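K.L.:
Have a look; sequence and predicted model below, questions after that.
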Amino acid sequence: AAAAGGGGRGGGSPSASSLFSSSPLSSSSPAPLSRSVVRLQRLGVASHLDTGTCAVVEEQFGSSLQVQLGNSIRKQDGTGQQQPEGSDEQMDTSADGGDGAGDDGNGGGEHAPRYWVGNEVAAVLASKAHAAELERLLHEDVLDVPAAGRSDLGHATMVWQLADALWGAPDLPATATAEQVTSAFVDYRTQTPYAQRLLRRHAVSKWLSAVCSVESPAVEHSATPDALNPDDEAELAQVFHHLTLHDVTSANAAALQSHDYTLALLIAQSSERTRQLCREQLRLWREKSSSQDLSADAFINRFRLKIYALLAGCTVWPDGPEECGLSVCEGLDWKRAFGVHLWYRCAEPADVAVALVEYEAAFEQDLPVVAHRDNPKAALKPRANAPLPPYVGSATPSSPTDALDTCFHLLKMFSNKAHSLEKTLNPRSATRHHLDFRLSWHLYVTLSALAFPRLPRRREDQLHADFAAQLEAVGLWHWASFVLLHIGDQQQRDHAVRELLNRNCVASPEHHASPVYQQRIAFVLNLGIPQTWVHKATALHARYQKRHVVLAREYVAAGCWNEAHQVMLHNLAAEAIIRGQHAELESLLGPLESHSDEIAHWANGGEVYLMYVRLLRKLGEVRTQQDLLQQMDIAGRLCREHVARLPCSNHKSLLARSEMSTKLAKALSEYRGTQSRLEQDEATCLSAEYLEQLPLAENHRHSQLFSITHAYVRMLNATVS
């Protein structure tokens with residue numbers, strides 16, 4: 001919030017409109033600041049999420065959060081569950097009008113509702129929608145996403161697609177309905193455990209093929225293969241590449257194109273019998289000649305050996321514990337290495353968990369590998385690359401604590417629900433920006449609906465707070481309120497939301513005139529956050545900026561009657577009386593009248609000002625003698641009971657009370673002049689009584705005494721005569 005500008009003392013006569021502007025009649029100098037030094041350091045989350053690229057940030061964050069909102073349910077305090085208003089059109093309403101969402105009538109009371117993904121069907125729909133939305137951002141050129149952001153989006157897309165393959169309904173499209181997902185789950189649960197494992201295996205296999213095809217494009221190969229040299233390395237590398245993508249058709253076509261018909265037949269006839277034959281062939285090649293200490297495989301192309309090893313179901317050949325072998329997974333990224341174990345090492349009916357165990361053993365164990373044929377000295381190398389995050393590359397983790405890819409953690413959770421959820425949600429597992437909690441938060445909220453063990457309450461609340469702080473830092477504070485509504489504890493949730501509103505609801509006119517700000521306020525109210533909290537937060541900012549009119553109106557809107565009354569008494573009423581802004585003062589005090597029984601000192605404060613401004617307004621509207629008498633009765637009560645007891649805490653309030661007394665005395669004097677002789681005598685006596693009780697300035701008191709004295713003289717002369 002910015003400090004209130006302007007101020008200073010006003011010179012000359014005050015203008016009639018200055019009360020409702022930012023320049024008060026007078027302002028006190030600000031309190032001296034403390035000499036304590038506070039150092040603030042702003043941490044950058046990611047360069048591609050800088051607030052300078054507002055459209056990019058809004059689209060990246062908002063699209064995923066809109067998906068999450070559309071698949072969440074809301075529980076109001078003590079009112080049961082209801083589906084939130086999730087569409088953009090419903091959120092784009094005026095904060096002042098609409099259907100009153102977010103007020104007390106919406107069931108929220110003074111508590112914030114709680115949001116969460118209600119069941120597995122909603123979780124599956126959210127996973128599909130997340131993947132589709134991220135693909136839209138990547139491939140339809142919706143935004144000019146920088147390279148770093150594009151890499152993170154691509155990885156997040158893979159994560160959501162894998163989640164759908166492991167726990168969702170992968171055969172359904174992204175536009176599937178809840179009824180279709182429910183039906184798919186019913187069909188899935190009616191099948192045997194064996195059939196269920198095969199379905200998940202096929203889904204993961206399809207995901208692996210698609211992901212590896214994107215990450216590992218086809219290698220170049222010769223358009224005119226050499227028929228006389230079937231061991232051409234480029235052609236064999238092409239066949240091996242297709243096999244590691246589980247693209248058997250393309251591998252077979254590549255073998256045929258290179259005129260390697262024997263290899264093409266082996267690939268086409270892949271079966272358990274083929275595995276045995278390939279293993280036997282590898283064994284024969286490995287046998288050393290009796291006459292020479294050499295084996296045939298020393299003269300065979302390494303890619304041909306790798307292809308035969310794949311077809312034999314071996315990831316290392318030879319696979320003896322003391323052998324110096326050839327690793328099939330050498331040079332492959334971790335997803336292709338895992339695919340090799342799933343497709344070839346652990347053929348059906350082995351499930352995903354078995355293949356994952358084999359792959360873990362491969363990257364956790366070192367293998368003695370001979371680097372060159374002429375150098376028998378073996379070097380230790382990992383049998384497969386570790387599942388490191390995409391930004392790290394394919395290096396071996398330097399320590400057991402290094403983060404592993406989020407996709408690997410999801411596979412571990414599928415195999416073992418007791419797998420560490422904190423490791424899965426660690427931002428380091430997905431992005432180089434360790435303070436970017438986007439994927440971590442969305443993934444946790446979705447997985448929570450799939451009967452996984454939840455994080456400890458403190459860690460869970462910290463995750464919500466971290467992501468909300470990230471959203472607030474990039475200017476999306478209204479979405480931060482949605483994230484904070486996932487906090488489980490009612491008291492902590494209320495406190496976090498109210499603090500967020502206190503930091504972001506502002507009282508400046510330029511913000512209130514901004515359509516963007518109004519849309520965000522409407523969005524917050526549609527979430528079910530009590531409207532009184534928004535008004536109180538705006539009042540806090542208005543108080544800081546010394547915008548007393550806005551402060552009073554916000555207090556009234558929030559139902560803080562006593563606070564509104566105090567602001568009007570100490571900051572507004574006296575100034576309005578001095579400036580003659582009676583209509584504005586009446587508009588401020590009017591709403592308090594119906595709650596006068598809840599307001600302390602109303603009878604000697606706001607009620608006096610309200611009676612006074614209404615009296616002056618109605619005196620100008622008098623049409624009959626009866627109306628005049630009625631208003632004079634009110635004037636008399638003001639003089640007799642109220643005006644003298646008005647609290648006066650400064651010179652301005654003393655001046656206002658004197659002004660009121662003068663106007664009342666003048667009104668009584670004018671009233672005497674309109675009466676008949678007999679009525680004038682009675683009015684003169686009353687005026688004298690009221691004049692004694694009014695706190696008039698001396699010059700006005702002398703003037704009124706002079707007038708009353710002359711009236712008394714006329715009355716005595718008339719009596720004598």
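P.N.:
Now that the structure is in, tell me what you want to look at.

K.L.:
which ones are touching the residue nearest to A347 when sequence neighbours are not counted?
P.N.:
Of all residues not flanking A347 in the chain, G313 sits nearest, at 6.5 Å (CB to CB, 6 or more residues apart in numbering). From N, CA and C alone the C-beta is placed, and that goes for glycine too. Going by CB atoms under 8 Å, 6 or more residues apart in numbering, G313 touches 275, 279, 344-345, 347.

K.L.:
let's see it at 10 Å
P.N.:
Shown in contact with G313 (CB atoms under 10 Å, 6 or more residues apart in numbering): 272, 274-276, 278-279, 319, 341, 343-347.

K.L.:
I'd like those residues as TSV, with secondary structure appended.
P.N.:
TSV is the format used below for these (DSSP: H, G, I helix; E, B strand; the rest coil):
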residue	secondary structure
E272	helix
T274	helix
R275	helix
Q276	helix
C278	helix
R279	helix
D319	coil
H341	helix
W343	helix
Y344	helix
R345	helix
C346	coil
A347	coil
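
K.L.:
out of those, who's nearest T424?
P.N.:
For the contacts of G313, the closest approach to T424 (CB to CB) belongs to H341, at 20.8 Å.

K.L.:
What does the residue nearest to A347 show for phi and psi?
P.N.:
Backbone geometry at G313, expressed as degrees, to the nearest 10, gives phi 80, psi 20.

K.L.:
What's the first helix or strand after the least confident helix or strand in the chain by mean pLDDT?
P.N.:
None of the helices or strands of the chain scores lower by mean pLDDT, DSSP states H and E than helix 88-91, at a mean of 37. Once the chain leaves helix 88-91, the next helix or strand it forms, by DSSP states H and E, is strand 114-116.

K.L.:
Can you give me the buried ones in that next one?
P.N.:
Neighbour counts over strand 114-116 (16 or more other CB atoms under 10 Å) mark 114-115 as buried.

K.L.:
which outside residues touch that strand?
P.N.:
Contacts for strand 114-116 (CB under 10 Å, 6+ apart): 68-69, 72-77, 81, 84, 122, 445, 448-449, 482-490, 493, 527-528.

K.L.:
can you give me the strands for this structure?
P.N.:
Applying DSSP state E to the chain gives strands spanning 73-76, 80-82, 114-116, 316-317, 326-327, 366-372, 375-382.

K.L.:
that older thread, weed out the non-buried ones from the contacts of G313.
P.N.:
Buried among the contacts of G313 by 16+ other CB under 10 Å: 274-275, 278-279, 341, 343-346.

K.L.:
What about the contacts of strand 114-116, which are in helices?
P.N.:
Among the contacts of strand 114-116, DSSP state H puts 68-69, 122, 445, 482-484, 490, 493 in helices.

K.L.:
Can you flag the weakest of the strands of the chain by average pLDDT?
P.N.:
For the strands of the chain, mean pLDDT drops lowest on strand 80-82, to a mean of 44.

K.L.:
Most widely separated two among the contacts of G313?
P.N.:
Longest span within the contacts of G313, CB to CB: Q276 and H341, 19.1 Å.

K.L.:
quick one: which two of the ones in helices among the contacts of strand 114-116 are the most distant?
P.N.:
A122 and Q490 (22.6 Å).

K.L.:
who's more crowded, these two?
P.N.:
A122 (20 against 13; other CB atoms under 10 Å).

K.L.:
Could you list which residues are in contact with the more buried one?
P.N.:
68, 70-73, 116, 178, 181, 446, 449.
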